[in-house]
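Chemist: for reference, the sequence and a predicted model appear below.
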Protein chains: 2
Amino acid sequence: MGRQPVSDAAYLAKLQDYYARYRVFPSYAAIGELVGLKSTSSVAAFLSRLKAERYIETAARRLRPGPRFFERPLMESRIAAGLPSAAYDAPAEGLAIDAQLVKRPSLTFLLQVKGDSMIGAGLMPGDTIVVEKSNAAKEGDIVVALVDGAYTVKRLARENRRFVVKPENKAFPVLRPDPLEIVGIVTGSFRTYR
Amino acid sequence: MGRQPVSDAAYLAKLQDYYARYRVFPSYAAIGELVGLKSTSSVAAFLSRLKAERYIETAARRLRPGPRFFERPLMESRIAAGLPSAAYDAPAEGLAIDAQLVKRPSLTFLLQVKGDSMIGAGLMPGDTIVVEKSNAAKEGDIVVALVDGAYTVKRLARENRRFVVKPENKAFPVLRPDPLEIVGIVTGSFRTYR
DNA sequence: TGTATTATCGAACAAACGTTCGATAACGTC
DNA sequence: GACGTTATCGAACGTTTGTTCGATAATACA
C-alpha cells in the first residue's frame, strides 16, 4: 500500500487523554498541535480514519466520542507475566463511573440506604443508590417506593394480580401498601470503604 | 431585584441530559433551541450564570463541564409530612459520584469481582471495585492481593504475627501466601441494576 | 525501477461560531 | 408611581471553524 501514518493509535491515545482531562474535543488546529500534525487537513484526514473505525462521530460540525472511544486495552504487562483471567483492568480515568451509573441526569437522584432489608441484593446500610424517577417499573426491578411518608427500597413483585414490594431479607415482611406508589427505579449503587 | 430567569435549573437539566447522551456540548444556537432561548446572546448570558456557579467552564471558545456539572441531588430519606408530589422535593446537596469514589485517579484502577467469596462484605459477582494501588494496607482493609498469579479480593487480617487474607464467606478458606503480595486497597465499589 | 497509493502539507474559503451592544420588557424595591 | 436591575431579544461583527483542493513525499508492490 501507500504511506503509513506515524501511528493513528498513538494519536488516538493523545486525543483520549485530552478528552479524559477536559471532557471536550479541541479544535482541528488544536488537535494538530496535540498530536503533531501541522495542517488542519491532515487532522481532517486522521479524524476521518478514526470515524471509519467508529472511534469518533461528527454531528453538526462537532466531534463527539463514538462507540469505541472509551474502549481500553487490557493491561498487557500483567497478563503477559502469566497473570490472571481476572483480566478486566481499567484505569479509572475521568468520569467513567458516573457515565456508567447515570443515563438521564435530570431524572436521577441519590439516596442513602438505611437498614438491611435488601441485604440479599447486596445493598448494605450506608450504601448510596442511584435512582431514576420513573413509573415504568417492571416486576423484578428494585424500586424506591413511598410507604408511610418515607422512601423504601424493595424489589417489585407480583402477588396474584397486584404489585407488592418485597425485602430481600427474611427478617422483614412483604409490604402491600394500597395504592403502591413507586418513586423510581434503582439503576445502580455504590459505596466507599475505609 | 430584576427579572427572574424562567429557571436556570431546568435549562441546566436539559444541558446535562444532552451531554450525558452525546458527550459534547451543542453550539450556542443549538443550546438556545434546546432550552428555549431565541437569541444566542441570551444563551451567552445563561451560560455565564452557569459559569459563575461553576457548572461549566470555557477555554479557547469551547464549553466544557465544570466541577459541579456531574453533581447529583442527594435526597433526604424522610419526606415532610403530607403528600410528596414526587417531582419536587428539595435535594439536600449535590454529590459527584466519581469524586466520591476516586480520590487519586493516577493510582486508581477498576476491577471486576469474580465469585462470591466476599459476599459478606457486600461484594457480589460482577460488581466493579475501585482499587487504589498502595502497600500501606492495614488490618481490616479490603485489599486486592496477588495469589498464585491471580488477583484476589479479600480482607486483610492478622494471625499471630503474620498477615493473611480472609474471605467473607464461610465456604472459602483463609489464604496464607508467603510472601503476601498486596496490589492495592479497595476504596469503593459499584454496580448497575437492570 | 516504475507505478499506485496515501499521509501530509499549505493555502484558500464559505459557513458557523461566540461575542458584543443597544433596546425592551418583566420584576423587585423604595 | 418611579427607579434600578436583569433576562431576553435581534442584529451586527470579527474570528475561527472545518472543508476542500492541488502538490509533494513516503511507502508498498510488481
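Modeler: Received the coordinates, thanks.
Chemist: just so I have it, where are all the strands in chain A?
Modeler: A:56-59, A:62-65, A:89-91, A:108-112, A:128-133, A:142-147, A:150-159, A:162-166, A:181-192 (DSSP state E).
Chemist: the longest one pairs with which strands, parallel or anti?
Modeler: Sheet pairing of strand A:181-192 (DSSP bridges) gives strand A:128-133 (antiparallel), strand A:142-147 (antiparallel), strand B:181-192 (antiparallel).
Chemist: now for chain A, the helix or strand with the poorest mean pLDDT.
Modeler: helix A:76-80 (a mean of 37; mean pLDDT, DSSP states H and E).
Chemist: tell me how far A:Val144 lies from B:Ala9.
Modeler: 22 Å (CB to CB, to the nearest Å). Bear in mind the C-beta positions are built from the backbone N, C-alpha and C, glycine included.
Chemist: of those two, who's got more company?
Modeler: Using other CB atoms under 10 Å in any protein chain shown as the criterion, A:Val144 and B:Ala9 rank with A:Val144 on top: 25 against 9.
Chemist: which residue sits closest to the more buried one, ignoring its sequence neighbours?
Modeler: In space, A:Val144 comes closest to A:Val183 once its chain neighbours are excluded; the distance is 4.5 Å by CB to CB, 6 or more residues apart in numbering or on different chains.
Chemist: that neighbour reaches A:Thr152, doesn't it?
Modeler: No. Contact criterion CB atoms under 8 Å: A:Val183 and A:Thr152 do not qualify, at 9.3 Å.
Chemist: which one of these two has more residues nearby?
Modeler: A:Val183 (25 against 20).
Chemist: how much space is there between the more buried one and A:Ala157?
Modeler: Taken as CB to CB, the span from A:Val183 to A:Ala157 is 17 Å.
Chemist: repeat for A:Ala137
Modeler: Taken as CB to CB, the span from A:Ala137 to A:Ala157 is 11 Å.
Chemist: higher neighbour count, these two?
Modeler: A:Ala137 (22 against 14).
Chemist: give the contact list for that one.
Modeler: Contact partners of A:Ala137, counting by CB atoms under 8 Å, 6 or more residues apart in numbering or on different chains, are A:Val143, A:Leu156, A:Ile182, A:Ile185.
Chemist: change it to 10 Å
Modeler: Neighbouring residues of A:Ala137 by CB atoms under 10 Å, 6 or more residues apart in numbering or on different chains: A:143-145, A:156, A:163, A:165, A:180, A:182-186, B:194.
Chemist: do A:Ala157 as well
Modeler: A:Glu139, A:Gly140, A:Asp141, A:Phe163, A:Val164, A:Val165, A:Lys166, A:Val174.
Chemist: any weak-confidence spans in chain A?
Modeler: A:1-6, A:72-95 (pLDDT under 70).
Chemist: since that was my last question, I'll sign off now.
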